[in-house]
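Undergrad: the amino acid sequence is not available; the structure is as follows:
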Ligand code: SF4
Ligand code: SF4
């Protein structure tokens with residue numbers, strides 16, 4: 001009989017999924033959650049200089065197509081910092097790494113680790129690892145993990161209710 005458990009467990013491991021099953025299961029067993037990131041562990045095991053070189057060797061391939069931003073389900077600003085000429089120079093390639101720093105900072109506490117940015121990137125830059133690391137820092141400092149039910153984002157404005165846009169009725 002075809003086992004559905006192993007391929008699902010493989011997927012969870014590949015995606016490093018912390019909750020690879022819904023709250024209520026209608027069928028089968030929940031597969032094991034992956035709470036530690038192999039990607040981040042591999043990066044942490046590198047000496048700092050080597051890690052920086054590793055990142056630059058990837059980031060320098062960026063062609064500034066904005067595909068990572070355009071596909072991202074949590075990028076919804078109508079005005080984007082990545083398009084401010086004073087902030088990001090697109091005069092020459094490789095792009096200034098401020099492009100990636102600005103985007104990574106914006107993803108801290110927001111990225112849900114869906115992996116779409118990495119899938120669409122024509123330069124095959126390991127973007128998930130970058131955003132995983134900023135999210136790890138946010139979780140370490142504020143105890144908040146995006147996509148979980150553990151309270152409000154630390155980047156909500158204190159004393160203000162979030163006012164989210166409503167869709168067409
Ligand atoms: S992995 Fe994060 S940054 Fe990349 S598309 Fe998904 S939510 Fe956006
Ligand atoms: S999708 Fe890749 S190449 Fe395009 S802007 Fe994003 S990181 Fe750069």
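TA: Happy to help now that I have it. Here the structure is a predicted model, which means the values were calculated and not measured. Ligands and ions are numbered 1, 2, ... in the order given.
Undergrad: close to ligand 1: what parts of this protein are there?
TA: When proximity is defined by C-beta under 6 Å from any ligand atom, the chain lies next to ligand 1 at 71-74, 107, 111-117, 127-128, 131. (Each C-beta comes from the backbone N, C-alpha and C, glycine too.)
Undergrad: now residue 110: closest residue in space, sequence neighbours ignored.
TA: Using C-beta to C-beta, 6 or more residues apart in numbering and skipping the chain neighbours, the partner closest in space to residue 110 is residue 74 (4.7 Å).
Undergrad: and the pLDDT for that neighbour?
TA: Reported pLDDT at residue 74 in the predicted model: 92.
Undergrad: measure how buried it is and give me the count.
TA: For residue 74, the count of nearby residues is 13 (other C-beta atoms under 10 Å).
Undergrad: surely it and residue 113 touch.
TA: No: if you go by C-beta atoms under 8 Å, residue 74 and residue 113 don't touch, sitting 10.4 Å apart.
Undergrad: shared neighbours of the two, anything?
TA: residue 146 (C-beta atoms under 8 Å, 6 or more residues apart in numbering).
Undergrad: what about residue 131, how many neighbours?
TA: 24.
Undergrad: which SSE is it in?
TA: helix 127-142 (DSSP states H and E).
Undergrad: okay, buried residues for that helix please.
TA: 127-135, 138-139 (16 or more other C-beta atoms under 10 Å).
Undergrad: and if you look at stretch 51-61?
TA: Per 16+ other C-beta under 10 Å, stretch 51-61 contains these buried residues: 55, 58-59.
Undergrad: now those as CSV including pLDDT, distance to ligand 2 and secondary structure?
TA: As requested, these are exported to CSV (pLDDT from 0 to 100; distance: C-beta to the nearest ligand atom, whole Å; DSSP: H, G, I helix; E, B strand; the rest coil):
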residue, pLDDT, distance to ligand 2, secondary structure
55, 94, 12, helix
58, 95, 9, helix
59, 93, 8, helix
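Undergrad: hmm, back to that, nearest to ligand 2 among the buried residues of helix 127-142?
TA: Ligand 2 lies nearest to residue 127 out of the buried residues of helix 127-142, by C-beta to the nearest ligand atom, at 6.0 Å.
Undergrad: got the contact list for the closest one?
TA: Counted by C-beta under 8 Å, 6+ apart, residue 127 has contacts 68, 117-118, 121.
Undergrad: in a markdown table, list those residues along with pLDDT, secondary structure and neighbour count.
TA: What follows is these, written out as a markdown table (pLDDT from 0 to 100; DSSP: H, G, I helix; E, B strand; the rest coil; neighbours: other C-beta atoms under 10 Å):
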| residue | pLDDT | secondary structure | neighbour count |
| --- | --- | --- | --- |
| 68 | 96 | helix | 25 |
| 117 | 97 | helix | 24 |
| 118 | 96 | helix | 18 |
| 121 | 97 | coil | 20 |
